[in-house]
Each structure stands twice: as C-alpha cells, then as structure tokens.
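Chemist: Quick one, structure for this:
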Amino acid sequence: MTDTALDSFDAVIMGGGLAGLTLAIQLKQRFGDLKVLVLERRTHPVPHAAHKVGESSVEIGAHYFDTVLGLKAHMDEAQLRKFGFRFFFSEGRSDIDNVTEIGASRYLAVPSYQIDRGIFENFLAEEAVRHGVRFVDSALVRRIDLAQDPAVPHRIEWTRGDESHATQARWLIDACGRAGMLKRKLGLVEPNAHDVNAVWFRIGERIAVDDWSDNAEWRERCNPQARWLSTNHFVGAGYWAWLIPLASGSHSVGIVADPALHPLDTIDTFEKAMAWFATYQPRLYEALDGKRHLLQDFAFLRHFSHGCKQVFSGERWAMTGEAGLFLDPFYSPGSDFIAIANTYITDLVAQDRAGRPLEARAQLYDQIYHSFYESTLALYQDQYPLFGDPEVLPVKVIWDYAYYWGVLAQIFFQRRLTDLPALGSLKDELQHCQRLNVAVQRLMRDWSASSHKRNPAVMLDQAAMPWFAELNRSLKDTLDDAGFKDRIRASTVMLRQLADEILGRARTADPDVEAGALRALLEENRGKTPATATHDAMLFAAPRVDTRA
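Modeler: The predicted structure follows:
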C-alpha cells in the first residue's frame, strides 16, 4: 500500500492486526471525520492460513464482528460458521465413537465463526481504507513521546523502508501484540500465576473428524453431520489439543499444556508434537501422519498468559488486544477482550471529543476491564489437571458457559459496557456472581481429585438442555434499562441454582469434598430467591456406576 501518511492525526494505532484494524473501523464508524492512522509492521497482503493463531471466535467477539462492525456479509461468505465447542475424552484412544463427547447436536441461535486470520486481516485493512483510515504497512515505530498536557499531542517516530516520519496524535493506541510497546515503556508489565505453554501449526488440508468412525449412530448424533466445523478439543489431564478448520481449506492444530504435566520441551517441534500425539491422542496422530508434507508453519509460545497494570488512561493512550493482557485460548476469549477494549477506547475518544474530563471514566473502565479479566482468569488458573476428567469437565463447561452467557455476554450484547449507572446499580449481583465463579472453580478442582473419571460412550448434548439453549438465544433480546437489570438479576438466580446443583453432584460423588466457600455463598439471601428460579435439573445426568463384578 502507498505511504501517504499525514503529519497529524486524531488517533494513531500502532499495529494493524485484528485488534488495531477493528478499532480503526469502529472509530471511523462512530466519527466519520476522525483522522486515523494505522501503522502495521508486516507487509500486506499477509498470507492465508499460515499466519496467526487465534482463529476461533465465541459469541461476544462474533457479535462484535458481524453486528457492531457490520461485517456479517464477510463472516457469512468468507469465513466458516462454527459448530460450537466440542470435547472428546480420547486420551490414548483411537475409538473416538466410544468415549464421552461434549457438544451440541445442532446449531444454537447465536452464531460464532472459525476465522482464517490472513483472509480476515487482509479484508479488515481494505475495509479500514474504505472507511477513510490511513493504513501504512511495512512500518516500524522507532520512538514514542507521550504528552501529559491535554493540549499537547503525542509524538511518534516511525520508518517505512528508508523513509523516516514523525507524526503527532491526540490519541495513541497500542495494538502491536506481544511486543507491548506502551506497556514496556510505562513499566506496566504484570505477570500472572497461570503458567501454560502452547504449540500450533497449520496443515494445508481439511481434517474430516466426521469420517473418523463408520458408526452410523455416532455420526447421526449431529445434524448437520459437521463435527469438523466445531472447535474440537481432545482433552487429557494437564492439556487440550485443538482442531480448527479455516476457510482457506487448511486446518489449525494446537496443543496447550500445563508444563508441570507436559513440559514444553516435549512438544516444541513438529516432530516432537507428532510423537506426543502418537502417545496421547493416537486418532489425531493417524489423521495427521499422512499429511506431514502439507505442514504450513509451526510455532510455540512459552507462558503466554499475561496481565497489564493499566490499559486505559485519561492521558489519551490505551492498549487493546495482546498488547495489554491475554488469558488463554481455551474458550477463545481473545476476540471478546478485543471487542470490549475497543468499545471502551471508542467511548473515551467520544468523551474527549465532547470536551468532557477523562481521568475518572478511564479509571473506571480500567477497573471494570480488569474485573472481567480476573473473573475469566479463574476459569483457567490451576484448572488444567481436571481437563482429562469425563465426570467433572462436562460440569465445568456448563458452568463456564452459563457464567459467560448469563453475565458478561449479556452486558456486551445489550451495549451496557459503558453504562456506568446500570452497572453500578448491579454491583452487588455482579460481585456475587464473580465470587460464585471462584468458589465453583475451587470446588471442581477438589472434586476432580477424587473423581472416578468414568468415560462412557455417550454424547452430552448441550442443545438438548432447554435452559441452556434458551440462555444462548436470549442474547438476541433487545432490553430496556429495567429489562437489562432484571436479566442480570435472573442470571444471578440461575447461577446460584446451578452452583447448588453442582455442589450436590460433587458431594454425592465425594461427601468429603471441600466446599465451605461455596456453601457460605449459597446461604446468603437463600430465603429471597425470586419466583423466576426453576427447579428442573440443569446438569447432564451423572455417569452410571457399573456395579458388575
């Protein structure tokens, strides 16, 4: 693309990947006259498939792409609609039809997508330019001078080839990924205690999971028979392996593992990863072994999860995407947090343009964003050992979905992220849900330590759970202020009932399981349960105990 950058901009975004380009589009959609410059290190167009990890989206990120940004035509025509998450307890097994499977038998109401990042980011760059964004590829940022005086612009020095440029910007946003230029410059690097590693690669051919068995009954459990369109997880104690299809015809393959159980040096090359698959996931190994010549790339990342002390500032800078914080690819929250950060940044720019003070609002947004981060981190931290448990992980998956769809997704879909009065009025409910989540995660860790880990040949069909399918559908509702508050309060009731049922299931399996924190939370306001609570079972049926000798 031609380098015709101007000298002064309302916003300069460092990084033209998924986070930076979607932010640029969102800003231009909100303010057509806003002058936005995106500086991207890579040369465009970027390659398809062999490009970046992070291909799977979930409901918040998908809604951000197709509805908030208005990109539904591209998502439907150029990407793949995802057939939900799917889990197989297939460690050491080749008979994929003879193990416990978690997944939906049909599409649920709210779509999500499998995204070829190369196709998508090339499209986003073109879309940004159509909106009037100045996009410069092959650009390297060399120096950043942040201004503290609100009347003084920030200064950025950058190069493109042999040419040097100096640019002024009222707003400076770091979307440059793990390089974290602002984070490092300002001393905001913050590690967390979630120590997990990942390796991944792309194979230049589709991997047909649906053909892994000739069992007609197993195949017909899904309509359509399209398990290959799911984000397929092959799970075991301390790890999960993924299969994600891409619209370009390739398939993404990865391993994410707790180094205490599966050290990185056992999987950090393609040959080592294949040997690991042969031991731990032999059916996946069989599917990949004849496709070695179709390998498109291989990469690994050590201790990928990280925090950041601050991501939004009243001094007119911000971070989005991995330049700020990153959790874990399990449940694919990356695009969700991009959507949330970009929404907060866009509103801060709007407040600034209206001449309103920024510091207090930026501080509140930062606190809320970090609260979402801490709540989601609880889903992962110290949880990897139970991933191979066919009794406990299905319960965890249902809880994690209910917490996500019932709270955070409701806030985003109802466009309440920046509605501080509404969120403030629901502070008690939101904090109670957060505490419930921490306590349930702790309970499941303790329960799994004594679980029998029975692995029957059954599909635990999420679509067959009416309350679960309705919770997904409810994201499509359009609620007024009162309706939104009622929805979050109803979600709190729902989560309390689900937590109570999980506690009962765990104590039936192990009467000595430690659950003091959860019991104490459930005893709070027990006499005030609203009439909207249901008394129908919310979990899958417990595995039957085989009493035969």
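Chemist: where along the stretch 1-150 of the chain do the helices fall?
Modeler: 18-30, 59-63, 72-78, 117-130 (DSSP state H, counting those that start in this stretch).
Chemist: possible to save those helices as TSV with mean neighbour count?
Modeler: Backbone N, C-alpha and C define where each C-beta goes, glycine included. Output for the helices of the stretch 1-150 of the chain, formatted as TSV (neighbours: other C-beta atoms under 10 Å):
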stretch	mean neighbour count
helix 18-30	24
helix 59-63	24
helix 72-78	14
helix 117-130	20
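Chemist: want to throw those into TSV with mean pLDDT?
Modeler: Formatted as TSV, the helices of the stretch 1-150 of the chain follow (pLDDT from 0 to 100):
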stretch	mean pLDDT
helix 18-30	98
helix 59-63	98
helix 72-78	98
helix 117-130	97
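Chemist: Show me the one of those that comes nearest Asp347.
Modeler: Taking C-beta to C-beta, helix 18-30 is the member of these nearest to Asp347, at 8.8 Å.
Chemist: Which secondary structure elements does that closest one sit against?
Modeler: strand 8-14, strand 36-39, helix 117-130, helix 334-353 (3 or more C-beta pairs under 8 Å, 6 or more residues apart in numbering; DSSP states H and E).
Chemist: In a markdown table: the helices of the stretch 1-150 of the chain, plus distance to Ile267.
Modeler: Below are those laid out as a markdown table (distance: least, C-beta to C-beta, whole Å):
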| stretch | distance to Ile267 |
| --- | --- |
| helix 18-30 | 26 |
| helix 59-63 | 27 |
| helix 72-78 | 32 |
| helix 117-130 | 22 |
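Chemist: which stretch among the ones you listed comes nearest Ser450?
Modeler: Comparing the helices of the stretch 1-150 of the chain by C-beta to C-beta, helix 59-63 comes nearest, at 33.7 Å.
Chemist: Give me the contact list for that closest one.
Modeler: For helix 59-63, the external contacting residues (C-beta atoms under 8 Å, 6 or more residues apart in numbering) are 75, 110-113, 332, 334-336, 338-340, 404-405, 408-409, 412-413, 472, 475.
Chemist: can you do 6 Å?
Modeler: 110-113, 335-336, 339, 409, 412 (C-beta atoms under 6 Å, 6 or more residues apart in numbering).
Chemist: Select only the buried ones of the residues you listed in PyMOL?
Modeler: Here is the PyMOL command that selects the buried residues among the contacts of helix 59-63 (16 or more other C-beta atoms under 10 Å):
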select buried, resi 110+111+112+113+335+336+339+409+412
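Chemist: who touches stretch 320-332?
Modeler: Residues contacting stretch 320-332 (C-beta under 6 Å, 6+ apart): 19, 23, 56, 58, 174-178, 180, 305-308, 311, 333, 338, 341-342, 373, 376-377, 380.
Chemist: Of the residues you listed, keep whichever come out buried.
Modeler: Among the contacts of stretch 320-332, those buried by neighbour count (16+ other C-beta under 10 Å) are 19, 23, 56, 58, 174-177, 180, 305-308, 311, 333, 338, 341-342, 373, 376-377, 380.
Chemist: before we move on, back to that, tell me the one among the contacts of helix 59-63 nearest to His293.
Modeler: Relative to His293, the closest of these is Tyr113; by C-beta to C-beta it sits at 28.9 Å.
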